[in-house]
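# no sequence on this one, just coordinates:
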């Protein structure tokens, strides 16, 4: 996930909307960026998608505003609950 930290930060900058919400376009772009990273280590596309769904859900729960997620991107990446997504898909 460390490789994707810069990609996620850039993604969040470009997808931040004026009302600062996680709209469907922002979610899709976040998921797509996550998938690019996850497909480098996940055993298949389904597991990668499950992982990215989990990461997105937990990121939005922790940071309901996109700007907050962007300002705390290091916290997002190092959050144990978010990191737990990778372990959960391995089950």
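Alright, I've got the coordinates. From a predicted model like this one, the values you see are computed outputs, not experimental measurements.

# contacting residues around the lengthiest helix in the chain?
Longest helix of the chain, by residue count under DSSP state H: helix 45-62. Residues from elsewhere that reach helix 45-62 (Cβ atoms under 8 Å, 6 or more residues apart in numbering): 22, 27, 30-31, 34-35, 38-39, 42, 69, 76, 79, 81-82, 85-86, 88-89. Just so you know, the C-beta spots here come from the backbone N, C-alpha and C atoms, and that holds for glycine as well.

# got the buried residues for it?
47, 48, 49, 50, 51, 52, 54, 55, 56, 58, 59, 60 (16 or more other Cβ atoms under 10 Å).

# on that earlier part again, which of the contacts of helix 45-62 are buried? Put it as a PyMOL command.
To isolate the buried members of the contacts of helix 45-62 in PyMOL, using 16+ other Cβ under 10 Å:
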select buried, resi 22+27+30+34+35+38+42+69+76+79+82+85+86+89
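
# and residue 81, what does it touch?
Contacts of residue 81 by Cβ under 8 Å, 6+ apart are 58, 62.

# C-terminal to the worst-scoring helix or strand of the chain on mean pLDDT, what's the next element?
Across the helices and strands of the chain, mean confidence by mean pLDDT, DSSP states H and E is lowest for helix 4-15: a mean of 55. Proceeding C-terminally, helix 4-15 gives way to helix 24-38 as the next helix or strand, assigned by DSSP states H and E.
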